[in-house]
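Visitor: Quick one, what's the 3D model for this:
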Amino acid sequence: MNLHFIAIGGSAMHNLALALLKKGYEITGSDDVIFEPSKSRLEKNGILPNEMGWFPEKITSVIDAIILGMHAKADNPELLKARQLGLKIYSYPEFLYEQSKNKTRVVIGGSHGKTTITSMILHVMKYHNVEVDYMVGAQLDGFETMVHLTEENEFIVLEGDEYLSSPIDRRPKFHLYQPNIALISGIAWDHINVFPTYEFYVEQFSIFVDAITKGGSIVYNEEDDEVKRVVEQTQNAIKKYPYHTPKFKIKDGITIIDTSYGELPLEVFGKHNLQNLAGAKWICQHMGIMEEDFYEAISSFKGANKRLEKIAENKTVTIFKDFAHSPSKVEATTKAVKNQFPERYLIACLELHTYSSLNADFLKEYKGTLNKADKAVVFYSPDAVEIKKLEKVTSEQIKSAFERDDLIVFTNPIEFQEFLFNQKLNNAVLLLMSSGNYGGLDFNKLKELI
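Guide: Below you'll find the predicted structure:
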């Protein structure tokens, strides 16, 4: 089968392309810009476009189907040519469903935690040599790609993103997977450019639950009131399995949970990660992993890439980076780090980078999210606000939104980096939260701080 990827360079798109190439498909693709590591990985496998740009002449009747990425626009010249020729056009999630419609589909949804939960499940499966297909939103240690597809594996584990499927398909991705087994970790309003009201956003999760196959099951975080309401009000004929935070204690900087087999020390920490673990345990049990075997495997789980990732440490200082950007995740991550290191001075830095976080009306959602930090810093780029065609936001607006008078706000990346590298860290934790890179911060250079 000949497949052509429009916008092949995206993180998810290039991983799907590599997975399908490995499965035996003929793959071509186009994009107007491709960054690392996508570029090197595509080149290594012989499917990097010869030149950047869109070339409608590449689109011919020889192509069996088009896979359309979100980076492309609705008026993309290659897309227009494909429509003119009447070629089959799939969004990324549509094609994943086509690849998995004869498998048991396990879909992990939620406003936050879905990458970590999916990663936990895959870690446990790999530990016990259980082969599964998967799609996860981060590169994991020990896994070659973020997407793996076979003919023979019984299960496929899919991270269920609620964002849009493609430029011409405005349905949330997780509506298309029709799970046999599903999980919702939490609901906290996000993507306000697509879901302008809280109620509209929550409705997407109700649709997701209603799309679970009849006789299927839903695992859900009963400590999240909105999740509990959405799951318990569904009329869908499915089985429901609630989970909650396991009992735990912190001793000498190590989180230890109580299990029916005794105390278990973990590599990860934070209440949100313990909730994630509880959800992952239920899913793994549905996939045939015994509880005792789950605990044996999960004790060595170090976390998903960029999710409370430890990038430097000595005896008195630790530096973390985290993908946190939504208000609920920022608050959960900041609390988790402070609770894990209560005697240390916590410097928490947040980059406002997404459409939602830079929206003047949405900013108020960040109220109190950095309160657990001893020193709180926010960085944002006025250029990013302009590129996203949003109203200008000021430092005063940000301080007011966070309701923290001592909040330090930077808009210049050089000044922010100078601030960081001038910190005298002693008995401290530096936490860097962002879905961006603080205007070009060299995270490796931070090791020189300690």
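
Visitor: So Glu263 is in contact with Ile256, correct?
Guide: Yes: if you go by Cβ atoms under 8 Å, Glu263 and Ile256 touch, sitting 5.1 Å apart. For every residue, glycine as well, the C-beta is placed using N, CA and C.

Visitor: Mind checking which of these two has more residues around it?
Guide: Ile256 (16 against 12; other Cβ atoms under 10 Å).

Visitor: so the more buried one bridges to which residues?
Guide: Note on Ile256: beta-bridge partners Lys249, Pro265, judged by DSSP bridges.

Visitor: That one and Leu308: what is the separation?
Guide: As judged by Cβ to Cβ, to the nearest Å, Ile256 and Leu308 stand 17 Å apart.

Visitor: likewise Phe269?
Guide: In this view, Phe269 and Leu308 are 8 Å apart by Cβ to Cβ.

Visitor: okay, these two: which has more neighbours?
Guide: More neighbours surround Leu308 than the other of Phe269 and Leu308, with 24 against 20 (other Cβ under 10 Å).

Visitor: I'd say that one and Lys335 touch.
Guide: No: applying Cβ under 8 Å, one finds Leu308 not in contact with Lys335, separated by 11.9 Å.

Visitor: Pull up the overlap in contacts between those two.
Guide: Here Leu308 and Lys335 share the contacting residues Gly270, scored by Cβ atoms under 8 Å, 6 or more residues apart in numbering.

Visitor: start to end distance for stretch 334-348?
Guide: 7 Å (Cα to Cα, to the nearest Å).

Visitor: where exactly do the strands run in the stretch 301-450 of the chain?
Guide: If DSSP state E, counting those that start in this stretch is used as the criterion, the strands of the stretch 301-450 of the chain fall at 309-313, 317-322, 345-352, 375-380, 408-410, 428-433.

Visitor: got the CA coordinates for the last one in PDB?
Guide: Below are the C-alpha coordinates for strand 428-433, written out as PDB (Å, rounded to 0.1, in the frame of the first residue of the first chain):
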ATOM      1  CA  ALA A 428      17.300  23.900  46.700                       C
ATOM      2  CA  VAL A 429      15.200  22.500  43.900                       C
ATOM      3  CA  LEU A 430      14.900  24.200  40.500                       C
ATOM      4  CA  LEU A 431      11.700  23.300  38.700                       C
ATOM      5  CA  LEU A 432      11.300  24.300  35.000                       C
ATOM      6  CA  MET A 433       7.800  23.800  33.600                       C
END
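
Visitor: who's in contact with stretch 86-105?
Guide: 12-13, 16, 59, 61, 63-70, 79, 82-83, 133, 135, 149, 153-156, 158, 165-166, 168-169, 173-174, 176-181.

Visitor: Strands - which of those residues land there?
Guide: 65-68, 133, 135, 155-156, 158, 165-166, 169, 181 (DSSP state E).

Visitor: Tell me the residues that contact both of Phe269 and Leu308, please.
Guide: Contacts common to Phe269 and Leu308, judged by Cβ under 8 Å, 6+ apart, are Ala336.

Visitor: which stretches of the stretch 51-200 of the chain have low pLDDT?
Guide: By pLDDT under 70, the stretch 51-200 of the chain has no low-scoring segment.

Visitor: can you give me the helices for it?
Guide: Ranges of helices within the stretch 51-200 of the chain are 77-85, 92-100, 114-127, 198-210, based on DSSP state H, counting those that start in this stretch.
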